[in-house]
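In: the following comprises the amino acid sequence and a computationally predicted model.
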Amino acid sequence: MIQTVAWVVSLIFMTLIAVVFGVVALKSQGRRDYEPIKKKWYKARSFYAITLVIVMLAVTIYTLRDLPYNQPVYSEGQEPTVVDVEALQFGWDISQTEFKVGEPIEFDVTSKDVNHGFGIYDEDMNLLAQTQAMPEYTNTVYITFDEPGTYEILCLEYCGLAHHIMTATIEVTE
């Protein structure tokens with residue numbers, strides 16, 4: 001059924017495109033003075049390009065201003081809880097899984113075998129923090145949990161047949 005609909009829709013659009021090309025080919029036989037049209041559309045193109053650059057620059061600045069750039073989320077004089085995380089097919093070896101609200105945490109993430117993705121999700125499955133877990137390399141993720149609850153750690157990089165069971169939980173209490 002879906003293939004038939006896709007086939008019919010494709011035929012309709014191919015026919016429509018052929019008609020448009022035919023009309024353009026037939027109208028292209030007549031000669032016109034294109035200089036006024038070119039000037040008008042060069043102005044429109046310049047306005048469009050400048051507007052597009054300004055809008056994209058504003059969107060870029062607006063969206064990048066909230067990035068933490070993986071900076072520590074604790075103040076001077078306050079030491080974080082350092083948690084060693086080692087990924088291995090198909091699980092996580094985490095040195096500590098219970099934390100308090102407002103406690104600064106530094107996850108040092110590495111892998112024993114292949115690349116894995118370390119992602120921390122809240123109870124609504126919103127991604128809070130992430131990094132790569134790579135063999136012979138340690139990535140650091142800084143996070144301070146604002147709300148109590150059970151947070152889930154999922155592998156974000158396909159690592160083998162049992163990738164889907166590579167989960168762990170973190171408990172955050174008040």
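Out: Looks like it arrived, so ask away.

In: skipping its backbone neighbours, what lies nearest Gly117 in space?
Out: Leaving out its chain neighbours, the residue that sits closest to Gly117 by CB to CB, 6 or more residues apart in numbering is Leu156, at 2.6 Å. Any C-beta I mention is one placed from the backbone N, CA and C, and that applies to glycine too.

In: same check on Ile153?
Out: Ile153 sits nearest to Ala168 (CB to CB, 6+ apart), 4.3 Å away.

In: just checking, what packs against the strand or helix carrying that neighbour?
Out: Assigned by DSSP states H and E, Ala168 belongs to strand 167-173. With contacts defined as 3 or more CB pairs under 8 Å, 6 or more residues apart in numbering; DSSP states H and E, strand 167-173 has these neighbours: strand 91-94, strand 98-100, strand 149-155.

In: run a quick neighbour tally on Gly119.
Out: Gly119 is flanked by 17 other residues according to other CB atoms under 10 Å.

In: what does Gly77 give?
Out: 5.

In: mind checking how far the longest helix anywhere in the chain is from the chain centre?
Out: Counting by DSSP state H, the longest helix found in the chain is helix 35-64. Chain-centre distance of helix 35-64: 27 Å, with CA atoms, centre = their mean, to the nearest Å.

In: now do stretch 10-28
Out: The answer for stretch 10-28 is 39 Å, by CA atoms, centre = their mean.

In: repeat for stretch 25-38
Out: 46 Å.

In: now that stretch: average pLDDT?
Out: Average pLDDT, stretch 25-38: 76.

In: now the end-to-end length of that stretch.
Out: Using CA to CA, to the nearest Å, one end of stretch 25-38 lies 20 Å from the other.

In: quick one: Arg31 is in a helix?
Out: No: with DSSP: H, G, I helix; E, B strand; the rest coil as the criterion, Arg31 is coil rather than part of a helix.

In: what number of residues lie near it?
Out: Neighbours around Arg31, by other CB under 10 Å: 6.

In: against which helices or strands is the helix-or-strand element of the chain with minimal mean pLDDT packed?
Out: The helix or strand of the chain with the poorest confidence is helix 35-64; it has a mean of 88 (mean pLDDT, DSSP states H and E). Based on contacts counted as 3+ CB pairs under 8 Å, 6+ apart, there is no element that helix 35-64 packs against.

In: can you list the domains in this structure?
Out: Following the assignment in automatic domain parsing, the chain carries domains at 2-25+32-64, 81-173.

In: just say which of those is most tucked in.
Out: Sort the domains of the chain by mean neighbour count, taking mean count of other CB atoms under 10 Å, and domain 81-173 sits at the top with a mean of 16.

In: give the rounded mean pLDDT of it.
Out: Rounded mean pLDDT across domain 81-173 is 93.

In: thank you, goodbye.
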